[in-house]
Structures are given as C-alpha cells and as structure tokens.
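> this is a predicted model, with the sequence first.
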Amino acid sequence: MTTLQRIQPEVNAYQFSFDEKLLGEMREAYASSLLPIFKSSRLIECFKGGKSFRFEIEENKQKYFLVSYGEAPLMWISNNSLDAYGMFERFFDSLNIKEEVKKLVDFDKEITMYCGFFVVGNHLDKEAWHVDYSNGANAYTLLTPLFELDKRHGHLLYRNEEESEPRRYAYKVGKAVLVGDHLLHTTEIYPETSEIRVLVSLTFGTDKLQYWDILKETIGGQSKYMVLPCGHVKDTCECLNKLSKTNRFKKLRPAVKLSPFRNPKEGPKTPMTITRNTLVVQAKEQVSADLQGDVAILNLKNSVYYGVDAVGPRIWHLIREPKSVSEILDALLSEYEVERECCEKDLLAFLEKLSKEGLIEIRDEKVS
C-alpha cells in the first residue's frame with residue numbers, strides 16, 4: 001500500500017511517489033491520439049487562449065472531450081468513452097492508494113474514480129486562484145506530470161485562506177499530489193514554450209451519492225463521460241432520481257473554476273434588503289449558460305463561476321427582465337407544490353445570496 005504524506009501541516013493536500021513505468025499506457029495514448037492533432041487549426045486556437053472551448057475529439061478510435069479552463073490557454077481533455085476511462089482507471093488502480101484515501105473521506109464500500117484527464121497548455125499569463133471542491137465534498141484531484149516538465153513550465157502554487165504568501169509545489173515525474181477541498185491553488189505563470197506541458201489528472205473520492213450536490217459543482221460539467229459516486233456512468237442509471245426530491249431551493253454555491261483568491265479582510269458584500277415589492281433583474285456584468293437543467297453563471301467583475309441548481313435555474317430565467325419578488329413568487333407557486341410561506345422564505349434567501357454575490361441588480365420597489 002502506498003503511503004500518503006501531507007505536503008505541509010494543516011494543508012488538505014498529499015503527495016506520494018510511484019513507478020514512472022505506470023505512465024506507459026497513457027503516454028502511448030497521448031502520443032497516438034492527441035499529439036498528432038495539436039497542430040490542427042482548432043487546437044492551435046485553444047493554445048492561444050482568450051476564448052472558451054468545449055468539443056469532442058476522436059483520433060485512432062480514442063474518444064476525448066476538451067474543455068478549456070475558462071478563457072485561459074489551459075485545456076482539460078477528459079475520457080469520453082469506456083475505453084478511455086478504463087485507461088485512466090487502470091492507472092488509478094495501479095497506484096494502490098485507495099486504502100489511504102479511505103482514511104480521508106466518508107465512504108460506504110469503495111473509493112470511486114469519477115474521471116481522468118490530460119491537462120495541457122504551453123503558457124499561462126494570469127494566475128487563476130481557485131479551490132477544487134467546496135467543503136465537505138469528500139473527494140480529491142490527483143495531479144502528476146506525464147513527462148518531465150520544461151524548466152520554464154509552471155508548477156503548483158497553493159495557500160490556505162489565511163495565508164498571504166503562496167507556497168510552491170514542484171511537479172516531478174513519478175510523484176503525484178492530491179488536492180482536496182478548500183485549498184486555494186493555481187498554476188504559476190510561465191512563458192510560451194515549444195514543449196507542451198502535460199499533466200495527468202484524476203478525480204475520485206466517496207461512493208456516497210449524498211455528496212453529489214457538492215461534487216457536481218466541480219465534476220458535473222468537466223466531462224461528458226464520467227462515473228457517479230454510485231459507480232454507474234452518468235445518465236445510465238436512476239440513482240440520482242431516487243434521491244429524496246424536494247421543491248425547496250438549494251443554496252447557491254460558488255463553483256470552483258477561475259475563482260480568484262479573495263482577501264478575507266475585504267469581507268463579503270452586504271446585500272440590499274429585499275421585500276415582496278422589490279424589483280430584481282440579472283446583473284449586466286455576468287454571463288450564464290444552461291447545463292443539463294442547472295445554470296452556470298460567470299461574474300465578469302471578479303471572474304468567479306457559480307452553479308445554480310434545483311429551482312434556482314427557473315428563478316434565474318424569470319429575472320431576465322425586471323420582475324418584482326411577488327411576481328416571481330406567484331410564478332413559482334403556479335408551477336410547484338410548495339407552501340406559500342416556505343416558498344417566499346426560500347426565494348428571499350436565494351435572491352439575497354444572488355445580490356450578495358453581485359449577480360442581480362436591485363431596482364426601485366414596485367408600487368402596488
């Protein structure tokens with residue numbers, strides 16, 4: 001059994017060493033399926049950055065799905081078939097770390113690997129401080145270089161929220177780092193290089209589906225082919241539908257991608273008081289997208305992504321144009337079986353959260 005060691009005291013990140021030969025299958029797959037297409041015009045645009053990309057890749061019978069890290073020149077290329085997933089899973093199994101991971105997460109029977117990635121880029125001109133998971137996710141992200149990095153390539157910077165100066169973790173072949181929840185980290189800035197920087201990444205953790213609401217903020221939109229905590233491929237089972245359903249509004253939680261480090265001394269924005277007559281509308285300095293029933297919102301002022309689920313997407317769509325809280329409440333009561341008092345309480349709390357995060361505008365109250 002492989003032993004995990006904290007990279008620093010009180011930091012939710014661990015490191016371990018492994019035999020470099022275990023990377024062999026993934027190196028062959030990368031060389032035959034991905035490297036040949038990196039010179040195509042479509043991929044060249046991805047390396048430039050400045051735009052967001054999401055598309056499928058198929059080469060030599062291997063299927064992958066590319067998602068850019070926002071508009072940064074950093075691509076997460078995930079398994080998009082059982083064969084590709086199996087390659088990453090075999091690597092995960094060969095590391096022999098599951099028993100150690102069980103000491104770190106709440107699980108029922110086994111540790112589940114959710115997805116595997118090649119993380120590629122050739123430069124980075126801006127840090128993107130973020131956390132991989134919200135507190136209580138019971139999951140980790142593994143990062144390790146597929147090949148030795150160029151001496152100019154960026155490594156990993158990290159810090160706890162109370163720290164002002166970052167620490168540096170140097171990637172090395174045959175050595176992996178596991179990053180857990182609430183740890184702020186980023187790739188350090190590095191200049192454009194002729195050699196592509198390639199990391200292998202795996203997401204894994206609890207097999208308890210009760211943590212899905214937290215987990216999906218991170219892993220729900222990273223790939224098209226992934227395994228749920230229950231062990232089934234997403235969209236092939238009824239496990240999520242069997243979870244207890246409710247028409248209560250779930251919390252708006254910040255998602256993890258491109259979340260900048262925020263100085264705790266700055267404090268949160270104080271939301272304006274919202275009443276039944278208050279007019280609310282989506283803020284102008286944001287963009288949003290529907291993601292299989294949920295909504296992802298990017299605050300353009302601070303480059304923070306947010307995930308909205310449950311009844312939240314319906315509310316978000318209702319306030320594309322200015323509406324009073326009473327109008328929103330009436331619309332929800334006509335569509336959902338929920339007590340008026342309960343619905344109003346949750347609606348006001350949800351809108352106040354949106355206001356606090358700068359995602360909606362509060363206008364003069366509507367005259368009854």
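Structure received. It should be emphasised that the depicted structure is a prediction, and the values quoted were computed from it without experimental measurement.

> from here on, contacts and neighbour counts on C-alpha atoms
Fine.

> how far away is the residue most central in space within the chain from residue 152?
Central residue of the chain (Cα atoms, centre = their mean): residue 218, 2.7 Å from the mean position. Residue 218 sits 29 Å away from residue 152, going by Cα to Cα, to the nearest Å.

> same check, this time on residue 50
Using Cα to Cα, we find residue 50 at a distance of 22 Å from residue 152.

> same question, residue 146
Counting by Cα to Cα - residue 146 and residue 152 are separated by 16 Å.

> between those two, who's got more neighbours?
The neighbour count for residue 146 versus residue 152, taken as other Cα atoms under 10 Å, is higher for residue 146 (22 against 15).

> okay but the more buried one is in contact with residue 23, surely?
Yes. The pair residue 146 / residue 23 is scored as a contact, 6.8 Å apart, by Cα atoms under 8 Å.

> list the contacts of the spatially closest residue to residue 122 that is not a sequence neighbour.
Computed as Cα to Cα, 6 or more residues apart in numbering, the closest residue to residue 122 that is not its neighbour in sequence is residue 196, at 4.9 Å. By Cα atoms under 8 Å, 6 or more residues apart in numbering, the contact set of residue 196 is 120-122.

> mind running it again at 10 Å?
The contact partners of residue 196, taken as Cα atoms under 10 Å, 6 or more residues apart in numbering, are 35, 38, 47, 119-123, 147, 149-150, 153.

> quick one: it from residue 120, how far?
Computed with Cα to Cα, the distance linking residue 196 and residue 120 is 7 Å.

> mutual contacts of these two, please.
residue 47.

> low-confidence stretches in the stretch 1-150 of the chain?
Within the stretch 1-150 of the chain, no range satisfies pLDDT under 70.

> where do the helices sit along it?
24-29, 41-48, 82-95, 98-102 (DSSP state H, counting those that start in this stretch).

> which one of the ones you listed lies nearest to residue 12?
The minimum distance between residue 12 and the helices of the stretch 1-150 of the chain falls on helix 98-102, with 12.1 Å, by Cα to Cα.

> quick one: contacts for residue 176?
By Cα under 10 Å, 6+ apart, the residues touching residue 176 are 4, 14-18, 95, 142-145, 200-201.

> cutoff 7 Å now
15-17, 142-144 (Cα atoms under 7 Å, 6 or more residues apart in numbering).

> got the buried residues for the helix ranked longest in the chain?
In the chain, taking DSSP state H as the definition, the longest helix is helix 340-356. Neighbour-count burial for helix 340-356 flags 343-344, 346-355 (criterion: 16 or more other Cα atoms under 10 Å).

> repeat for stretch 208-220
In stretch 208-220, counting by 16+ other Cα under 10 Å, buried: 208-209, 211-220.

> got the CA coordinates for that stretch in PDB?
Output in PDB follows, covering the C-alpha atoms of stretch 208-220 (Å, rounded to 0.1, in the frame of the first residue of the first chain):
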ATOM      1  CA  LYS A 208     -21.900   8.000  -1.300                       C
ATOM      2  CA  LEU A 209     -24.300   9.700  -3.700                       C
ATOM      3  CA  GLN A 210     -25.500  12.000  -0.900                       C
ATOM      4  CA  TYR A 211     -22.500  14.200  -1.600                       C
ATOM      5  CA  TRP A 212     -23.400  14.700  -5.300                       C
ATOM      6  CA  ASP A 213     -24.800  18.200  -4.800                       C
ATOM      7  CA  ILE A 214     -21.400  19.400  -3.700                       C
ATOM      8  CA  LEU A 215     -19.400  17.200  -6.100                       C
ATOM      9  CA  LYS A 216     -21.300  18.200  -9.200                       C
ATOM     10  CA  GLU A 217     -20.100  21.800  -8.700                       C
ATOM     11  CA  THR A 218     -16.700  20.600  -9.700                       C
ATOM     12  CA  ILE A 219     -17.000  17.400 -11.700                       C
ATOM     13  CA  GLY A 220     -20.500  17.800 -13.100                       C
END
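
> how much space between the residue lying closest to residue 165 once chain neighbours are set aside and residue 310?
In space, residue 165 comes closest to residue 159 once its chain neighbours are excluded; the distance is 7.2 Å by Cα to Cα, 6+ apart. Relative to residue 310, residue 159 is positioned 32 Å away (Cα to Cα).

> ditto for residue 89
31 Å.

> kindly report the same for residue 195.
For residue 195, the distance to residue 310 - Cα to Cα - is 44 Å.

> pretty sure residue 140 sits against residue 183.
No. At 10.7 Å, residue 140 does not count as touching residue 183 under the criterion of Cα atoms under 7 Å.

> show me what contacts residue 134?
181-182, 214.

> which of those fall in helices?
Here DSSP H is the test, and these give residue 214 as lying in helices.

> how about JSON lines for the contacts of residue 134, with pLDDT and distance to residue 335 added?
Shown next, in JSON lines, are the contacts of residue 134 (pLDDT from 0 to 100; distance: Cα to Cα, whole Å):
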{"residue": "181", "pLDDT": "89", "distance to residue 335": "36"}
{"residue": "182", "pLDDT": "82", "distance to residue 335": "36"}
{"residue": "214", "pLDDT": "83", "distance to residue 335": "26"}
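
> and which of the contacts of residue 134 is nearest residue 274?
Nearest to residue 274 among the contacts of residue 134 is residue 214, at 27.3 Å by Cα to Cα.

> what sits against the closest residue to residue 68 other than its chain neighbours?
Distances taken as Cα to Cα, 6+ apart put residue 75 closest to residue 68, at 4.4 Å, once the chain neighbours are dropped. By Cα under 7 Å, 6+ apart, the residues touching residue 75 are 66-69, 119-121.
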